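A.B. asks: 3D, please:
(chains A and B)
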Protein chains: 2
Amino acid sequence: MEQKLGQLKTILAEIADLSGAAALLGWDQQTYMPPGGAEARGNQLGTLQRLAHERQTSPELGKLLEDLKPLTATLDPDSDEARLVKVGARDYEKATRVPSEWVVEFAQVTTMAQQAWMDARSKSDFSIFLPHLEKIVGLAHRYVSFFPQADHPYDILLDNFEPRMKTADVKVIFDALRPKQVELIKAIAQQPQVDDAFLHQDFDDKKQWDFGVGVITKFGYDWNCGRQDKAAHPFTTGFSNRDVRITTRVAPNFLNSMLFGTMHECGHALYGLGSPDALERTTLDGGASLAVHESQSRMWENLVGRSLPFWEHFYPRLQETFPSQLSNVPLDKFYKGINKVQPSLIRVEADEATYNLHIMLRLEIEIALMEGKLAVKNLPEVWNAKMQEYLGVTPPNDARGVLQDIHWSGGIIGYFSTYALGNLVSAQLWEKINEDIPNLSAQIREGKFDTLLGWLREKIHRHGRKFEPQELVQKVTGSKIDAAPYLRYLSQKFGQIYGL
Amino acid sequence: MEQKLGQLKTILAEIADLSGAAALLGWDQQTYMPPGGAEARGNQLGTLQRLAHERQTSPELGKLLEDLKPLTATLDPDSDEARLVKVGARDYEKATRVPSEWVVEFAQVTTMAQQAWMDARSKSDFSIFLPHLEKIVGLAHRYVSFFPQADHPYDILLDNFEPRMKTADVKVIFDALRPKQVELIKAIAQQPQVDDAFLHQDFDDKKQWDFGVGVITKFGYDWNCGRQDKAAHPFTTGFSNRDVRITTRVAPNFLNSMLFGTMHECGHALYGLGSPDALERTTLDGGASLAVHESQSRMWENLVGRSLPFWEHFYPRLQETFPSQLSNVPLDKFYKGINKVQPSLIRVEADEATYNLHIMLRLEIEIALMEGKLAVKNLPEVWNAKMQEYLGVTPPNDARGVLQDIHWSGGIIGYFSTYALGNLVSAQLWEKINEDIPNLSAQIREGKFDTLLGWLREKIHRHGRKFEPQELVQKVTGSKIDAAPYLRYLSQKFGQIYGL
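C.D. replies: Coordinates of the predicted model:
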């Protein structure tokens, strides 16, 4: 068994190296690559991904996994080795269904599409992006066709981000969530508007940046093992558990963009940096799923970063950083301002009460695309109509509408619902954390985050990708993904802020 | 033949993609990678280089080249196809001698060594770098042992950078050069010192940067196909002919570092950007050799960038940029200052008259290391002694002595002489260019560089790596690499400046 496990790890290490290299090419593409580099980058990514895919689907790997299955059956089923074989076999089964040609084409198409998206977004012109997105949706349909046994075509895409989660399950959870969130938003709309004009002032770029850096340094982000750069659409990416990088964007006239974006990405990065050495260069490094990943980013962004105790600590520093803008704004007003509930255009800047509606819109569009009920060229129209229907706002242009998210340009369909699921998981974990660390609020009020980070490392991060998301959430909180804690959190927080 | 050429190009494209990806990993390592990333980066580079090497040495490639040799014999021997097979066969023959294990170990060792070198350099402590450099020299000895038929062990290393050049040939050229350069330096030393104190003032970092950017934009560097970043040791690297990036460093108290460094790297980049589309993703993209590459960088840095016509155009702009530092310095004084001849410590900041002596020192050390006549631990001592002997100066610490260059940390031995050869070639080309473009000086005086760049593209850049360096120099200038034009250039230029 040892020998075969060694052989397995050698193959997985090679795949991990190819994926790590590809991730760096992707990072560069979104941060520093000059536009001329796009075509060659597409070729390079195509080759790396094809080589990784060849290894992920090699008969040699299949044979090893097959041989190891009975051998590891005697081990603790939660041991690294048993999970390595279990998760490996699952990945292998999925990967062998997808032909290499598809993988190469996907890499090439998405590389060009990302450049086109950036261009389209900067010019607010969907037509520049349209032919690329049509190719991507076509590729998604072909991908789904490789898995003919699915209950629903969208299940196949969802499973890539949220292992074993079904479209039907997500619908059930969202159906529990939607009416309560809509009810809350309506109740808030009847209250006097919160004033957040002070957030929309001129804030020096560098001072914003430095403040964000100060916050995440306190969170425990290790700059020896990461860095922050600017990107049009902030993201986190890692090349090992000692090099996990974040990106952010800084809006000159709006503080939230950098502030909460930076904390959000830091939450992702802390998860990646907490992946254990023992799982490095295997398929088990990284995170359980995107929802679990998002639970980490949303926790640091919202449950920590938009909480009153957090600002009791950080607000005096922020006032010192921006005295002319904030010295006359008391803490209570600031706290209400950053938590203002207002239906708006941009998902990543949406408040906690409306955020999930942005997700539901995207989920419905993606499902319709995959059911063949919606043509890509009609996306801007459908987007704008749904924005009006759900949030009562209509984007003034496509840049602030259908072109706002990078995901589709990267070929990523099936991802969005994990954002809402992540919100739910963050609140589930938060209730458990507050049981285990009764003085957490006091710690946060003192700017101390090490106990919190330690808890997350112990309960979540150190497991890497060993457990499926529902399994992990159950293990840690005692129940599967559930909308109730998030709804409790929302109604308590916004009940207090809006005096409901 | 067409079919086999197609198969050949498919393999070469895959190798090019792997090499391009590896080059990006290398670029990141020297610009943005956090220190924690080093170990994983070593693994990733090791894997990419091993995969590239497996392809470069695959029996399939060998067979294709073998089959194509007689088929392409009927073609024009200078055609892309004939050269592709010729150069490919040569590369294949060399690559098949080197075992994959060596390639992997080399990647791992040099990744760690580069981190150690940065650390050692910043602390000026050779002992930090010593064990890494010992490993690298050991690897070089093992590499040479794979080519037992060599006249001299150093030939094997030199050939990697300067195809078909022999250690003995370089010695002959350098022997012709050394006494004349020493004589010139002595004659200059007897003249009154040139005053360049004005170059050692406080120059704002960003203004320096922007000025350099302005200059190379005029040279024709296309920012859609490149970018400039900071690096401890400036370098140029490319991932295609539409993404060639440069790096520079900015010294707050010395203008030359950024100024001539930026022009130098731009010269390399223009060569890479001039590589033709037809040769992309083959072994023939890029440049003929490092000496030819260096002829380009040194031409833009020195023959253009340190010339009087150049500064007749740019000096008023530089004075506007730094009025308090330069408004009282007349052009003539500035021109003499930037061309001041003074034996000094740092190779990349050396003047044109002493530069080659820095190279001769390094060449002798490398030859001694490869002949087994010098132990790595004695390097600082030997370095300092030779600096005193050749240039009459002794480094105050290792950072400004033996640790100044990045090359050895990257496993690069055999490279340095190409810098001096590049100087020679730049002057050989320059004589030819001035015959072909009689009003070149006037164009430069007007800040116009397109005719010059066009000439270089036509005569040098568009050939990529099709010709060996001696072959290309012969083709363009009518003779092989020759010290005479550079000596003529030096004695004319410095004769005028120093009134000899």
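
A.B. asks: CA only for contacts and neighbour counts going forward, please
C.D. replies: OK.

A.B. asks: Counting residues, which helix of chain A comes out longest?
C.D. replies: Assignment by DSSP state H gives helix A:2-31 as the longest helix of chain A.

A.B. asks: Would you mark the buried spots in it?
C.D. replies: Using 16 or more other CA atoms under 10 Å in any protein chain shown as the test for burial, helix A:2-31 gives A:5, A:8-9, A:11-30.

A.B. asks: Packing partners of it?
C.D. replies: Judged by 3 or more CA pairs under 8 Å, 6 or more residues apart in numbering or on different chains; DSSP states H and E, the packing partners of helix A:2-31 are helix A:38-56, helix A:59-72, strand A:236-240, helix B:2-31, helix B:38-56.

A.B. asks: The same query, at a cut-off of 6 Å, please.
C.D. replies: When contacts are defined as 3 or more CA pairs under 6 Å, 6 or more residues apart in numbering or on different chains; DSSP states H and E, helix A:2-31 sits against helix A:38-56.

A.B. asks: Tell me which residues are up against the helix it packs on.
C.D. replies: For helix A:38-56, the external contacting residues (CA atoms under 6 Å, 6 or more residues apart in numbering or on different chains) are A:Ile15, A:Leu18, A:Ala22, A:Val104, A:Ala107, A:Gln108, A:Thr111, B:Asp17.

A.B. asks: from the residues you listed, which two are the most distant?
C.D. replies: Across those, the longest distance by CA to CA is 20.6 Å; it joins A:Ile15 and A:Thr111.

A.B. asks: Got the confidence number for the residue of the stretch 351-500 of chain A found nearest chain B?
C.D. replies: Residue of the stretch 351-500 of chain A nearest chain B, by CA to the nearest CA: A:Gly464 (17.1 Å). What the model reports as pLDDT for A:Gly464 is 97.

A.B. asks: contacting residues around it?
C.D. replies: Applying CA under 6 Å, 6+ apart, the residues contacting A:Gly464 are A:Ser275, A:Leu284, A:Asp285, A:Gly286, A:Gly287.

A.B. asks: try A:Thr74
C.D. replies: A:Thr74 makes contact with no residue, according to CA under 6 Å, 6+ apart.

A.B. asks: Against chain B, how distant is it?
C.D. replies: 32 Å (CA to the nearest CA, to the nearest Å).

A.B. asks: Relative to B:Asp229, how far out is that residue?
C.D. replies: Computed as CA to CA, to the nearest Å, the A:Thr74 to B:Asp229 distance reads 54 Å.

A.B. asks: what ranges do the strands span in the stretch 401-500 of chain A?
C.D. replies: For the stretch 401-500 of chain A, no strands are identified by DSSP state E, counting those that start in this stretch.

A.B. asks: hey, where'd the helices end up in it?
C.D. replies: A:417-436, A:440-445, A:450-459, A:469-477, A:484-498 (DSSP state H, counting those that start in this stretch).

A.B. asks: what angle separates the third one from helix A:417-436?
C.D. replies: Counting by axes from the mean of the first three to the mean of the last three CA atoms, to 10 degrees, helix A:450-459 points 120 degrees away from the direction of helix A:417-436.

A.B. asks: List of residues touching helix A:450-459?
C.D. replies: Under the contact criterion CA under 6 Å, 6+ apart, helix A:450-459 has outside partners A:Gly274.

A.B. asks: can you pull the buried residues of it?
C.D. replies: Across helix A:450-459, burial judged by 16+ other CA under 10 Å covers A:Leu452, A:Leu453, A:Leu456, A:Arg457, A:Lys459.

A.B. asks: Next one: the nearest residue to A:Val98 once chain neighbours are set aside relative to A:His152, how far apart?
C.D. replies: Residue nearest to A:Val98 in three dimensions, not counting chain neighbours: A:Phe146, with 6.4 Å by CA to CA, 6 or more residues apart in numbering or on different chains. According to CA to CA, A:Phe146 and A:His152 sit 13 Å apart.

A.B. asks: sorry, back to before: switch the contacts of helix A:38-56 over to TSV; also include distance to A:Leu361 and pLDDT.
C.D. replies: Below are the contacts of helix A:38-56 laid out as TSV (distance: CA to CA, whole Å; pLDDT from 0 to 100):
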residue	distance to A:Leu361	pLDDT
A:Ile15	36	97
A:Leu18	35	98
A:Ala22	31	97
A:Val104	30	83
A:Ala107	27	84
A:Gln108	28	88
A:Thr111	26	84
B:Asp17	39	97
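
A.B. asks: contacts for stretch A:88-101?
C.D. replies: The contact list for stretch A:88-101, computed with CA under 6 Å, 6+ apart, reads A:Thr57, A:Phe146.

A.B. asks: First-to-last residue distance for it?
C.D. replies: Its first and final residues considered, stretch A:88-101 spans 22 Å by CA to CA.

A.B. asks: and it, which residues are buried?
C.D. replies: A:Gly88, A:Ala89, A:Tyr92, A:Lys94, A:Ala95, A:Thr96, A:Val98, A:Ser100.

A.B. asks: Stretch A:75-83 too?
C.D. replies: A:Asp80, A:Glu81, A:Ala82, A:Arg83.

A.B. asks: Helix, strand or coil: sort out the second one for me.
C.D. replies: What it means is A:Glu81. What DSSP: H, G, I helix; E, B strand; the rest coil gives for A:Glu81 is helix.
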